[in-house]
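Colleague: have a look at this prediction, sequence included:
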Amino acid sequence: MKSKYGYGWILKFVLAALLLGVGIYMAFADEVVYTITGVAIVLFSLLRVIPLMKSLHKESLRTINLIEIIFDTLLGIGMVYVALTRDLATENIWSSVYRYALTFVFYVRGLVYFNSVVFLGEKTEIPKFWIHIVSLTIGVIIAVVPNFDYSTVGLFLLIIAILGSIYLGADGYGGYKKYREFSKSLNEGKEKDISPGVQDQLPSDKKKHKVIEDPEDERPYVN
């Protein structure tokens, strides 16, 4: 049996449950929101380094993007450190730090992008242009909205977690359904119950072949 008919759907079910559970927990735990945000910023920064540096065609572009990545990485690490070592419920200063850290990340991303396109000749696409317009807008909204706090981001992350759980659950359900069809075909051993494409995955000793009889075999037998 080939590996694509294995048990990957189990992992998808577990990940969907974990993602939904973490998303619900984040809506009520400020420290978790703080930590997840910092980790997300660090990952987004570090995972871009090598592909970005290899694809930019000017040294000035590589320099300005590398500076942004370094600042974002340090900022994300600092956020994780604060979440793990400080009492966010009693030290209100970290709420302001959180707000302006997010403002910095979103606004600087848009600023670097438009500076690269307008002044340094970087080519772009229409979706990428509008994404960075949204990035600038989010940065400004975070900076000026008076009631912005951890719960706002926690609610946003909860929505993402729910959508991700639905996607993983649906994908896992599809894999489990195919697995059960395959299991049914093995147990019944009937060719008509084997869905198209599944029979090709069966071991050679499990396949059902139609027997093609020679018409001459039906001739009257003469002793």
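Modeller: Noted; the coordinates are in hand.
Colleague: hey, let's count contacts and neighbours off CA atoms from now on
Modeller: Fine.
Colleague: the residue positioned nearest the centre of the chain: what's it in contact with?
Modeller: Note on the chain: the residue nearest the mean C-alpha position is Gly164, at 7.5 Å, using CA atoms, centre = their mean. In this structure, Gly164 makes contact with Ala16, Leu19, judged by CA atoms under 8 Å, 6 or more residues apart in numbering.
Colleague: could I get the buried residue list for the helix or strand hosting it?
Modeller: For Gly164, the host element (DSSP states H and E) is helix 150-188. For helix 150-188, a neighbour-count test (16 or more other CA atoms under 10 Å) marks 150-151, 153-155, 157-159, 161-162, 164-166, 168-173, 175-176, 178-179, 182, 185-186 as buried.
Colleague: cool, and stretch 111-125?
Modeller: Across stretch 111-125, burial judged by 16+ other CA under 10 Å covers Val112, Tyr113, Phe114, Ser116.
Colleague: export the residues you listed as a markdown table, with columns for distance to Leu47.
Modeller: A markdown table is the format used below for the buried residues of stretch 111-125 (distance: CA to CA, whole Å):
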| residue | distance to Leu47 |
| --- | --- |
| Val112 | 18 |
| Tyr113 | 17 |
| Phe114 | 21 |
| Ser116 | 20 |
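Colleague: which ones among these map onto helices?
Modeller: Of the buried residues of stretch 111-125, the ones assigned to helices by DSSP state H are Val112, Tyr113, Phe114, Ser116.
Colleague: residues in contact with stretch 19-28: which ones?
Modeller: Counting by CA under 8 Å, 6+ apart, residues outside stretch 19-28 touching it are 32-33, 151, 154-155, 157-162, 164-165.
Colleague: try it again at 7 Å.
Modeller: Val32, Val33, Ser151, Gly154, Leu155, Leu157, Leu158, Ala161, Ile162, Ser165 (CA atoms under 7 Å, 6 or more residues apart in numbering).
Colleague: tell me how far Lys184 lies from Val14.
Modeller: 24 Å (CA to CA, to the nearest Å).
Colleague: then Asp149?
Modeller: Distance from Asp149 to Val14, by CA to CA: 30 Å.
Colleague: how about Gly110?
Modeller: Distance from Gly110 to Val14, by CA to CA: 36 Å.
Colleague: what's the answer for Gly154, then?
Modeller: 22 Å.
Colleague: same check on Val39?
Modeller: As for Val39, its distance to Val14 is 21 Å (criterion: CA to CA).
Colleague: got it, and Phe104?
Modeller: Phe104 is 35 Å from Val14, by CA to CA.
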